[in-house]
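*Asks:* Sequence and predicted structure, then a few things I'm wondering about:
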Amino acid sequence: MVDPVGDAVCTTNPSYGRGMSLALQQIYGLADVLTKYPTVSAEQAVAVAVLADSVFRPWYELSVRNDRERIARWRASIEGREPPPVEHLTL
């Protein structure tokens with residue numbers, strides 16, 4: 001079984017420049033998972049899925065919120081409306 005790594009798992013807005021950092025975080029986590037579960041098993045698969053979710057989901061969700069806010073601001077500008085208030089987003 002080959003598990004996807006980095007951008008093959010989750011691609012966010014490339015302007016954020018997080019691809020390599022997230023890939024390295026996942027790779028180190030995978031090393032820990034493989035140390036704990038050295039043979040292919042259901043436990044190993046679950047651990048890999050939990051790892052990927054914990055590494056990527058927060059950044060993915062933040063990217064989606066940031067992109068939606070930016071699009072709403074552009075749209076308001078084009079339509080001559082007041083932009084929506086800035087939402088200070090953190091992980």
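*Replies:* Right, received. Where do you want to start?
*Asks:* if I look at Asp67, how far off is Gln26?
*Replies:* Per Cβ to Cβ, to the nearest Å, Asp67 is found 22 Å from Gln26. For every residue, glycine as well, the C-beta is placed using N, CA and C.
*Asks:* out of those two, which sits in the busier spot?
*Replies:* Neighbours per residue (other Cβ atoms under 10 Å) separate Asp67 from Gln26, with Gln26 holding more: 23 against 14.
*Asks:* what is the rounded mean pLDDT of the host helix or strand of the more buried one?
*Replies:* Following DSSP states H and E, one finds Gln26 within helix 19-36. The pLDDT scores in helix 19-36 average 92.
*Asks:* counting contacts, what elements does that helix pack onto?
*Replies:* On a contact count with 3 or more Cβ pairs under 8 Å, 6 or more residues apart in numbering; DSSP states H and E, helix 19-36 meets helix 42-79.
*Asks:* now the helix it packs on, how far from the centre of its chain.
*Replies:* 5 Å (Cα atoms, centre = their mean, to the nearest Å).
*Asks:* average model confidence for that helix?
*Replies:* For helix 42-79, mean pLDDT is 92.
*Asks:* quick one: buried residues of it?
*Replies:* For helix 42-79, a neighbour-count test (16 or more other Cβ atoms under 10 Å) marks 44, 47-48, 51-52, 55-56, 59-60, 62-63, 66, 69 as buried.
*Asks:* so what's Val33 up against?
*Replies:* Applying Cβ atoms under 8 Å, 6 or more residues apart in numbering, we find Val33 in contact with 44, 47-48, 51.
*Asks:* Apply 6 Å and report the result again.
*Replies:* 47-48, 51 (Cβ atoms under 6 Å, 6 or more residues apart in numbering).
*Asks:* what's the answer for Ala47, then?
*Replies:* 33, 37.
*Asks:* Quickly note the distance from it to Pro83.
*Replies:* From Ala47 across to Pro83, the span is 43 Å (Cβ to Cβ).
*Asks:* repeat for Val46
*Replies:* From Val46 across to Pro83, the span is 43 Å (Cβ to Cβ).
*Asks:* Next, find the distance separating the closest residue to Pro84 other than its chain neighbours from Trp59.
*Replies:* With Cβ to Cβ, 6 or more residues apart in numbering as the measure, Ala72 is the residue that lies nearest to Pro84, at 5.1 Å, once sequence neighbours are left out. Distance of Ala72 to Trp59, given as Cβ to Cβ: 20 Å.
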